[in-house]
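Give me a 3D structure for the following:
(chains A and B)
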2 protein chains.
Amino acid sequence: MVRLNEVRSGEVAIDLPERTDAELYFIGRIHTPWTDRLTCPRQGRADGPTCRIEMFAPWDKGLDSITEFERLEVLYWLHESRRDLALQSPRSDGQARGVFSLRTPVRPNPIGTSIVQLLKVEGPMLFVRGLDCLDGTPLIDLKPDRSRFAPLAPAQAGDFQVGDP
Amino acid sequence: MVRLNEVRSGEVAIDLPERTDAELYFIGRIHTPWTDRLTCPRQGRADGPTCRIEMFAPWDKGLDSITEFERLEVLYWLHESRRDLALQSPRSDGQARGVFSLRTPVRPNPIGTSIVQLLKVEGPMLFVRGLDCLDGTPLIDLKPDRSRFAPLAPAQAGDFQVGDP
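Numbering: from 1, shown residues only, chains lettered A, B, ... in the order given. Here you go, the predicted structure:
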């Protein structure tokens, strides 16, 4: 069962600071078939349903050249998640583990990341496969998948730096 | 040459909204050999220098079980980047393209993502390879790399849903 808002046996909540440190813009909205957290996939699949990523103005100008990439990395805001559970019990069995060893949506900064396949672009709307989030999820960022991207900017000293073997 | 704060020929800046939509906590700090943007690698490499990810209290509790994973996804805040360039010219040659077709640090929400190899953990400090960010970069999130992670929580209806072929 998906977590709605409960704290389960074995879980540990922390007190969150009153002050936050940085601010985000919601630059678009994601449209998926899942209107309830009880039906969302735990993890997106490459052959999953087609979903749509809508980019809001004025950021839609930044979509130029996006069709060069068939795989994109998507960052989104998990807007229904609580943020304070440092230890979590995904199986609700009293066994808890650290949030950073899970890909749970319940995180101090509830940002989800997915790799999607880009099917087509129509104006500010991208048609993709591979998402797992709720319908209406706010979009934060879109980048070419790292494995398909080579920097265009000239290399710098750090690019040639290796560590001890 | 790395961008410091200039707008280059062909680039397009947009007016950012006055209101933001969500807030982040800086949950740690990343220590790297690069103290200047002019020396940072454009992209991290698997055989790069060892860097350290320091997790602040109280979030360090969430590191439990992290050593089960040798590859982690790291999200960080690119704190020196401007945020308003929708079209950018990485080669400074007058040719500009959309921000979302680049992995540039200059983005509406300046969040960087890297896949790192976890070497060891000492208390709240993780030793990793594969980063490319500036020394002192604020940490936002840490997750098991998706390719090494299978959800522990029970599957839901969406996990079995496929789209048209």
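
what's the distance between residue A:85 and chain B?
For residue A:85, the distance to chain B equals 8 Å [CB to the nearest CB, to the nearest Å]. Placement of C-beta: from N, CA and C, glycine included.

wait, isn't that residue in contact with residue A:12?
Yes - if you go by CB atoms under 8 Å, residue A:85 and residue A:12 touch, sitting 7.0 Å apart.

and the angle from the top strand by length along chain A to strand B:111-122?
What stands out as the longest strand in chain A, according to DSSP state E, is strand A:111-122. Put simply, strand A:111-122 runs at 150 degrees to strand B:111-122, going by axes from the mean of the first three to the mean of the last three CA atoms, to 10 degrees.

helices or strands next to strand A:111-122 in the packing?
strand A:71-77, strand A:125-129, strand B:71-77, strand B:137-144 (3 or more CB pairs under 8 Å, 6 or more residues apart in numbering or on different chains; DSSP states H and E).

Of those strands, which is nearest residue A:22?
Of all the helices and strands packed on strand A:111-122, strand B:71-77 sits nearest to residue A:22, with 5.5 Å by CB to CB.

Other residues contacting the helix or strand that the closest one is followed by?
Next helix or strand after strand B:71-77 toward the C-terminus (DSSP states H and E): strand B:85-88. Strand B:85-88 is touched from outside by A:58-59, A:61-62, A:64, B:7-8, B:10-14, B:96-99, B:102, B:104, B:106, with contacts defined as CB atoms under 8 Å, 6 or more residues apart in numbering or on different chains.

Using PDB, write out every CA atom in strand B:85-88.
What follows is strand B:85-88, C-alpha atoms only, in PDB (Å, rounded to 0.1, in the frame of the first residue of the first chain):
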ATOM      1  CA  LEU B  85      19.000  32.100 -20.300                       C
ATOM      2  CA  ALA B  86      16.500  30.100 -22.400                       C
ATOM      3  CA  LEU B  87      18.800  30.000 -25.400                       C
ATOM      4  CA  GLN B  88      22.500  29.500 -24.900                       C
END
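
ok, it: who's next to it in the sheet?
strand B:12-13 (antiparallel), strand B:97-98 (antiparallel) (DSSP bridges).

quick check, distance from the last one to the centre of its chain.
In terms of CA atoms, centre = their mean, to the nearest Å, the gap separating the centre of strand B:97-98 from the centre of its chain is 20 Å.

Tell me which of residue A:85 and residue A:12 has more neighbours.
residue A:85 (24 against 18; other CB atoms under 10 Å in any protein chain shown).

Can I get the longest strand of chain A as PDB, trimmed to CA atoms?
What follows is strand A:111-122, C-alpha atoms only, in PDB (Å, rounded to 0.1, in the frame of the first residue of the first chain):
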ATOM      1  CA  ILE A 111      12.400  15.500  -6.300                       C
ATOM      2  CA  GLY A 112      11.800  12.600  -8.700                       C
ATOM      3  CA  THR A 113      14.100  11.800 -11.600                       C
ATOM      4  CA  SER A 114      13.200   9.600 -14.600                       C
ATOM      5  CA  ILE A 115      14.800   8.700 -17.900                       C
ATOM      6  CA  VAL A 116      12.200   8.900 -20.700                       C
ATOM      7  CA  GLN A 117      12.100   8.200 -24.400                       C
ATOM      8  CA  LEU A 118      11.000  11.200 -26.400                       C
ATOM      9  CA  LEU A 119       8.400  10.200 -29.000                       C
ATOM     10  CA  LYS A 120       7.500  13.600 -30.500                       C
ATOM     11  CA  VAL A 121       7.100  17.300 -29.700                       C
ATOM     12  CA  GLU A 122       4.100  19.500 -30.600                       C
END
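
What separation do you get for residue A:18 and chain B?
Residue A:18 is 11 Å from chain B, where distance means CB to the nearest CB.

could you list every residue that touches residue A:135?
Shown in contact with residue A:135 (CB under 8 Å, 6+ apart): A:30, A:31, A:32, A:33, A:34, A:35.

mind running it again at 6 Å?
Shown in contact with residue A:135 (CB atoms under 6 Å, 6 or more residues apart in numbering or on different chains): A:31, A:32, A:34, A:35.

for residue A:57, same thing?
Contacts of residue A:57 by CB under 6 Å, 6+ apart: none found.

helix/strand/coil for it?
Under DSSP: H, G, I helix; E, B strand; the rest coil, residue A:57 falls in the coil class.

pLDDT score for the nearest residue to residue A:59 once chain neighbours are set aside?
Among residues not flanking residue A:59 along the chain, residue A:27 sits closest, at 4.4 Å (CB to CB, 6 or more residues apart in numbering or on different chains). Listed pLDDT for residue A:27 reads 98.

Relative to residue A:137, how far out is residue A:27?
In this view, residue A:27 and residue A:137 are 12 Å apart by CB to CB, to the nearest Å.

swap in residue A:56?
14 Å.

Please say which of those two ends up with more neighbours.
Higher neighbour count among residue A:56 and residue A:137: residue A:137, with 26 against 15, using other CB under 10 Å.

who does the more buried one bridge with?
Beta-bridge partners for residue A:137, by DSSP bridges, are residue A:30.
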